[in-house]
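**Student:** next input, structure requested:
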Amino acid sequence: MTRSSEGDRDPQGSLRDLEAMLDAVTDQAVIKLGPEGEVVRWSRTAQAMTGYGSDEIVGRSVAALHTAEDRDAGLVEQELDAARQDGRRAFQGWRVRKGGERFLARVTLTPVREADGRVTGFVKTLQDVTESARAESLFHGLLESAPDAMVIVGSDARIVLVNRQTEALFGFQRDELIGREIEVLVPSRFRDRHVGHRTGFLHDPRLRPMGAGLELYGMRRDGSEFPVEISLSPLETAEGRLVAAAIRDVTERRETEQRLQRQRDEILELSTPVIQVWDKVLALPIIGTLDTLRATRLTEGLLEKIAQTQAEVAILDISGVPTIDTQVAQHLLKTVQAAALMGTVSIMSGVRPETAQSMVHLGIDMGRLRSRNTLQDALQLALAVLAERAGSAELAARALTGGEV
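**Tutor:** Residues are numbered from 1 along each chain as shown. The predicted structure is shown next:
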């Protein structure tokens, strides 16, 4: 007796194989319906998902799985009619388990046709998406409640999702942004550079601020620009890797920082004024503690004033400096050396006995810097230096003209 060929297999055996395969599907309930929507075959997954056994549901309308509201609205008949006319349909809606508990289901409905086109039944699948929908709803809720503009971008750099803060900040409607490249929110002069930045992030995705140390700008729908701060983080999803960008408008903070910087500069200017006390004589009264920033501003201010007035003598009065340490002395020495390069003689005044002892104790060598106890003594020395220089200049001029010395 020969084994039957593949084409001569027992139809009942093929049906059993098919049913076994359907029962092996664990995440979707597969249901065979008759032409009017009555349940013909019921898989084990359908039983586990709904709580109905085959003996409880086979022969009944699939409407038993629908809510009372949907049954009253004739939704079951509408779904069947749509599948008859259009073929396979996919949709999402609420279904009811045996005990009355509702669950959100992703549904497909496919008509089964004879060779002449008649619909003899339907294959319906149900997938319970309640938890994923709840998680998605929570995610969207958190996204909408975020204080910053949130932009979700796909691996192709196109915008997938935005929140309402993004609309408010950039002036776009959501449907104007979804599907567009993220560079639509970047000023044109930065776009080429931005492409390189986001490509680099996609190759090495990790939570980090974007453009650390750089000034970043966003662009509104009307073309206006504003400073922003951006934090990037990767999102692993079923659809692939996404990038979440949290964007914050820092215009107010930047303006505050600039205002504070201007105030600090003004305070520094007031605390280290360069005063012209005589023709070609400048005085720089130093009050308070010197730090690196203030010492730099002190030197810059003095040199600028020397250049403006062609001063020949600069008096550095340190009577208002509480202590002299090595760092302060080095700042003063650098200032004196810079002035000397411009042809200006420096005189230090206000050197108190304890200050002098401290400088000697520290081994600070101020070179040939001239010093006096009081500002008055320093002014007298300054006038003497001017007279000395004037005399030297007069002698030099006579020598050049052949006059008597």
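
**Student:** buried set for the helix or strand encompassing residue 111?
**Tutor:** Following DSSP states H and E, one finds residue 111 within strand 102-113. By neighbour count, and taking 16 or more other CB atoms under 10 Å as the criterion, the buried residues in strand 102-113 are 103-109, 111. (Each C-beta comes from the backbone N, C-alpha and C, glycine too.)

**Student:** count the residues that sit near residue 315.
**Tutor:** Burial measure for residue 315: 25 neighbouring residues, criterion other CB atoms under 10 Å.

**Student:** do the one 10 residues further on as well
**Tutor:** Other residues lying near residue 325 total 13 when counted by other CB under 10 Å.

**Student:** those strands in the stretch 1-150 of the chain, which residues are they?
**Tutor:** Using DSSP state E, counting those that start in this stretch, the strands assigned to the stretch 1-150 of the chain run over residues 29-33, 39-42, 89-96, 102-113, 119-128, 149-153.

**Student:** so what touches the second one?
**Tutor:** When contacts are defined by CB atoms under 8 Å, 6 or more residues apart in numbering, strand 39-42 is touched by residues 19, 31-34, 52-54, 57-62, 121.

**Student:** who does it pair up with?
**Tutor:** Strand 39-42 has its sheet partners listed here by DSSP bridges as strand 29-33 (antiparallel).

**Student:** end to end on stretch 177-192, go ahead and measure it.
**Tutor:** Distance between the two ends of stretch 177-192: 19 Å, counting by CA to CA, to the nearest Å.

**Student:** got any ranges where the protein has weak pLDDT?
**Tutor:** Applying pLDDT under 70 to the predicted model, the residue ranges of the chain that meet it are 1-27, 196-214, 238-239, 263-272, 290, 362, 364-368, 392-405.

**Student:** surely residue 149 meets residue 161?
**Tutor:** No: counting by CB atoms under 8 Å, residue 149 does not reach residue 161; the two are 11.8 Å apart.

**Student:** these two: which has the busier surroundings?
**Tutor:** The neighbour count for residue 149 versus residue 161, taken as other CB under 10 Å, is higher for residue 149 (23 against 18).

**Student:** enumerate every residue touching that one.
**Tutor:** Residues touching residue 149, when contacts are defined by CB under 8 Å, 6+ apart, comprise 162-163, 165-166, 168-170, 246-249.

**Student:** which of those lies closest to residue 70?
**Tutor:** If you rank the contacts of residue 149 by distance to residue 70 using CB to CB, residue 163 comes first, at 32.1 Å.

**Student:** correct me if wrong: that closest one contacts residue 141.
**Tutor:** No: in this structure, residue 163 is not within contact of residue 141 by CB under 8 Å, at 10.2 Å.

**Student:** ok, those two, which is more surrounded?
**Tutor:** Regarding residue 163 and residue 141, a neighbour count based on other CB under 10 Å identifies residue 163 as having more, with 20 against 10.

**Student:** contacting residues for that one?
**Tutor:** Remark: with contacts taken as CB under 8 Å, 6+ apart, residue 163 is in contact with 143-144, 146, 149-150.

**Student:** most neighbours out of the residues you listed, which is it?
**Tutor:** For the contacts of residue 163, neighbours were counted by other CB under 10 Å; the highest total belongs to residue 149, with 23 neighbours.

**Student:** quick one, helices of the stretch 101-250 of the chain?
**Tutor:** Using DSSP state H, counting those that start in this stretch, the helices of the stretch 101-250 of the chain run over 130-145, 164-170, 174-177, 191-203.

**Student:** please identify the deepest-packed of those helices.
**Tutor:** Highest mean neighbour count of the helices of the stretch 101-250 of the chain: helix 164-170, a mean of 19 (counted as mean count of other CB atoms under 10 Å).

**Student:** could you check how far residue 46 is from residue 226?
**Tutor:** With distances defined as CB to CB, to the nearest Å, the gap from residue 46 to residue 226 amounts to 56 Å.

**Student:** do the same with residue 55
**Tutor:** From residue 55 across to residue 226, the span is 68 Å (CB to CB).

**Student:** between those two, which one's more packed in?
**Tutor:** residue 226 (15 against 8).

**Student:** that one against residue 215, yeah?
**Tutor:** No: the pair residue 226 and residue 215 does not pass the contact test of CB under 8 Å, sitting 11.3 Å apart.

**Student:** contacting residues around residue 250?
**Tutor:** Shown here is residue 250, whose contacts under the criterion CB under 8 Å, 6+ apart are 227-229.

**Student:** how far away is it from residue 337?
**Tutor:** Taking CB to CB as the criterion, residue 250 is separated from residue 337 by 41 Å.

**Student:** repeat for residue 42
**Tutor:** Here the criterion is CB to CB. By it, residue 42 lies 97 Å from residue 337.

**Student:** higher neighbour count, the two?
**Tutor:** Neighbours were tallied for residue 42 and for residue 337 using other CB under 10 Å; the higher tally belongs to residue 42 (22 against 13).

**Student:** which strand residues bridge the more buried one?
**Tutor:** As for beta bridges, residue 42 partners with residue 31 under DSSP bridges.

**Student:** ok, for residue 236, nearest residue in space, not its chain neighbours?
**Tutor:** The shortest distance from residue 236 to any residue other than its chain neighbours is 8.0 Å, reached at residue 242 (CB to CB, 6 or more residues apart in numbering).
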